[in-house]
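Student: model the following, please.
(2 chains)
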2 protein chains.
Amino acid sequence: MNTTILLKSRPKGKPTLNDFQFVSDEIPQIEKREVLLKTNYVSVDPYLRGRMNDAKSYIPPFRLNQPISSGIIAEVTESKHPGFTKGDFVSGVLEWKKFQKSNGKGLMKVDPAKAPLSAYLGILGLTGLTAYLGLTEIGKPKKGETLFVSGAAGAVGSVVGQIGKIMGCRVVGTAGTDEKADLLKSTFAFDEAINYKTVPNLRKAIAAACPDGIDVYFDNVGGTVSDAVLFNINPFARIIVCGAISLYNETRMPMGMRIEPFLIKSSALMQGFIVNDYAKKFPDAIKQLSTWITSGKLKYKETIVEGFENIPLAFLDLFEGKNVGKMVVKV
Amino acid sequence: MNTTILLKSRPKGKPTLNDFQFVSDEIPQIEKREVLLKTNYVSVDPYLRGRMNDAKSYIPPFRLNQPISSGIIAEVTESKHPGFTKGDFVSGVLEWKKFQKSNGKGLMKVDPAKAPLSAYLGILGLTGLTAYLGLTEIGKPKKGETLFVSGAAGAVGSVVGQIGKIMGCRVVGTAGTDEKADLLKSTFAFDEAINYKTVPNLRKAIAAACPDGIDVYFDNVGGTVSDAVLFNINPFARIIVCGAISLYNETRMPMGMRIEPFLIKSSALMQGFIVNDYAKKFPDAIKQLSTWITSGKLKYKETIVEGFENIPLAFLDLFEGKNVGKMVVKV
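Tutor: Model (predicted):
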């Protein structure tokens, strides 16, 4: 038998387990030019929250009572497709199902001999690409500049900080526990790390950790953390707006400090970043990331949750900050 | 006798006439390599409000009990400087004085035969440069795109809209009176104009006036007008944050809608614009603006207030929207 996870209801505010439904169905029969895929690893990501709303965005919303989809690593267990052989491992945006068929479109083969399979969902997948391309294409950090990262212990943030160090920046980040803040310095080579939940005055703490101001701000979080950062930006600062996890579960229009005056007085640039806009640069970026991983310059952490049945919970835990690095479910 | 206008007190919120002080002083004696200047036209601009606060910004604050300065056109009435002759007209950032001396630094000669002197403070000065360089360097409008302009009947806005039309855009703008909105269409060739003060639902009015969405937003105003615009931006929109006149007199930190989610879902770019950052491009830009004026493609309006004693009032009137086009005081 097969199992599929459907979006049962559109979450109001913070999602709950009741918004998901497990259904049993048949393992599909494949036809000519199709493959049967067995799910190995499932990526859960903050951006999926946006797709659960019935709202126009850069990708269409999930449909009610239909399977949810995300980045998945799967094994080809049967193939009638000339491009795939039984035993191949592939990566793609696939449905939350134990088994599914595919016509091969959008699938990319991945090599378990070169890196652990889960890495293709993280550091060698959209996570690594988001960190590298967001930082280099919008942030354009120069040696000696200060890079600030919010959500720095998360999947993207922990990679951004390390790339910043490789590029010669002073790197400072925020995280939500002391353990994560320690990890940023001990494992990910950040120069300074701030626990934004316990520091008495975040704006001043950032000023102290960034004595020369902030030139590049890689923002995964939005909200009040970003407000505190804006008081510390330098002329010609570049702000990569990659995520706003602090706002995703708001049920009313989130309100906050007006930022236009900060942008004007610093001639600062702020740009929304969606990794798929840069698809042409993926191959070169993957090559660069692989080189850094092999040489030991780039480290990565994963939070691996076991069991297909735990996919919804792993997703919910993202909003509690329970992950360090990339959150992945092993089926 | 000479007269000088000093900043008597830093305004709290909206400036008042009491924040300014007129003092009588001597007409200065010039020495070698100096000129004596007689003020003809004084530019009053919203950005001066920022300099009246004691706050770090891209230009230093005015000092208390010291002369205010802004763009001024003056006549050389006496010269001991080899570069200037009695009867020359010059443009520069000068003090609010009837007479002052200068060593010539930062002065640019202007030709009253080529354009009315006041134009060198507006369309052929920082106003025209701001419109042209902000729009082309950050906005990069393409033929067929929709350009939206807030504060469209103001000095910068009215020029931005016309340049947008020259570049083949659909151009829509907001203004604060029906008269100004009419003027945008009748004189400045806007396709649509919206009175933001009387329209029942600004967001919907913008959507109706911009059926293909907004690709470039030239923002002079900030605040709630910008909020309504953000609901209507297209993927890869460019937002030039040139001014935020709606916020300049706020005494508390202005609050409003969080904009990060809008930037993310549209991969939109938002950048603070300060014209002095682009000083290298001034000569080419002035050449282009002059060509358009001569050929009749670019029209401009001025609100000319008479009398040195009315400089502070003319400045205050900017915040009441009493100007159409560039506000200038003729001494």
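Student: now stretch A:123-142, how far from the centre of its chain.
Tutor: Averaging C-alpha positions (CA atoms, centre = their mean, to the nearest Å) puts stretch A:123-142 11 Å from its chain's average.
Student: for that stretch, what does the pLDDT average out to?
Tutor: Here stretch A:123-142 scores 96 as its mean pLDDT.
Student: same question, stretch A:206-213
Tutor: 98.
Student: so is that stretch next to chain B?
Tutor: No - using CB under 8 Å from any CB of the partner chain, stretch A:206-213 never reaches chain B; the gap is at least 10.9 Å. No exception for glycine: its C-beta is placed from N, CA and C like everyone else's.
Student: list the contacts of that stretch.
Tutor: Residues from elsewhere that reach stretch A:206-213 (CB atoms under 8 Å, 6 or more residues apart in numbering or on different chains): A:146, A:148, A:170, A:172, A:191-192, A:194, A:214, A:228-229, A:231-234, A:237.
Student: out of those, which are inside helices?
Tutor: Of the contacts of stretch A:206-213, the ones assigned to helices by DSSP state H are A:228, A:229.
Student: narrow the contacts of stretch A:206-213 to just the buried residues.
Tutor: With neighbours counted by 16 or more other CB atoms under 10 Å in any protein chain shown, the contacts of stretch A:206-213 contain buried members at A:146, A:148, A:170, A:172, A:191-192, A:194, A:214, A:228-229, A:232-234, A:237.
Student: hang on, the earlier thing: quickly name whichever of the contacts of stretch A:206-213 is closest to residue A:65.
Tutor: The nearest member of the contacts of stretch A:206-213 to residue A:65, counting by CB to CB, is residue A:229 at 40.7 Å.
Student: list the buried residues in stretch A:1-16.
Tutor: Neighbour-count burial for stretch A:1-16, counted by 16+ other CB under 10 Å, picks out A:3, A:4, A:5, A:6, A:7, A:11, A:15.
Student: per-residue confidence for the last one?
Tutor: If I follow you right, that is residue A:15. Residue A:15 is given a pLDDT of 95.
Student: count the neighbours of residue A:255 for me.
Tutor: 11 (other CB atoms under 10 Å in any protein chain shown).
Student: quick one: contacts for residue A:287?
Tutor: By CB under 8 Å, 6+ apart, residue A:287 has no neighbours at all.
Student: any idea how far chain B is from it?
Tutor: To chain B, residue A:287 is 24 Å away according to CB to the nearest CB, to the nearest Å.
Student: over to residue A:209?
Tutor: Counting by CB to the nearest CB, the separation of residue A:209 from chain B is 19 Å.
Student: leaving out chain neighbours, which residue sits closest to whichever residue of the stretch 1-150 of chain A sits closest to chain B?
Tutor: Closest to chain B within the stretch 1-150 of chain A is residue A:57: 4.3 Å, counting by CB to the nearest CB. Nearest non-adjacent residue to residue A:57, counting by CB to CB, 6 or more residues apart in numbering or on different chains: residue B:265, 4.3 Å away.
Student: residues of stretch A:90-107 that come out buried?
Tutor: For stretch A:90-107, by 16+ other CB under 10 Å, it's A:90-92, A:94-102, A:104, A:107.
Student: let's see which of those residues end up in strands.
Tutor: If you go by DSSP state E, those have A:90, A:91, A:92, A:94, A:95, A:99, A:100, A:101, A:102 in strands.
Student: quick one: pLDDT of the fourth one?
Tutor: Read that as residue A:94. Model confidence at residue A:94, expressed as pLDDT, equals 97.
Student: what bridges to it?
Tutor: Bridge pairing for residue A:94 (DSSP bridges) gives the partners residue A:70.
Student: was I right about it contacting residue A:38?
Tutor: No - using CB atoms under 8 Å, residue A:94 is not in contact with residue A:38, being 10.9 Å away.
Student: residues of the stretch 101-250 of chain A that sit close to chain B?
Tutor: A:219, A:222, A:223, A:226, A:235, A:236, A:241, A:242, A:243, A:244, A:247.
Student: chain neighbours aside, what residue packs nearest to the second one?
Tutor: Of all residues beyond its chain neighbours, the one nearest residue A:222 is residue A:244 (3.2 Å), with distances taken as CB to CB, 6+ apart.
Student: quick one, phi/psi of residue A:282?
Tutor: phi -60, psi -50 (degrees, to the nearest 10).
Student: nearest spatial neighbour of it, chain-adjacent residues omitted?
Tutor: What sits nearest to residue A:282 in space, not counting adjacent residues and going by CB to CB, 6+ apart, is residue A:129, at 5.9 Å.
Student: between strand A:89-95 and the helix or strand containing that neighbour, find me the angle.
Tutor: Counting by DSSP states H and E, the element that carries residue A:129 is helix A:126-133. Relative orientation of helix A:126-133 versus strand A:89-95 (axes from the mean of the first three to the mean of the last three CA atoms, to 10 degrees): 90 degrees.
Student: show residues contacting helix A:126-133.
Tutor: Contacts for helix A:126-133 (CB under 8 Å, 6+ apart): A:43, A:45, A:71, A:121-122, A:155-157, A:159-160, A:163, A:218, A:242, A:273, A:275, A:278, A:281-282, A:285-286, A:288-289, A:300, A:326.
Student: what about 7 Å?
Tutor: A:71, A:122, A:155-156, A:159-160, A:163, A:242, A:275, A:278, A:281-282, A:285, A:288-289, A:326 (CB atoms under 7 Å, 6 or more residues apart in numbering or on different chains).
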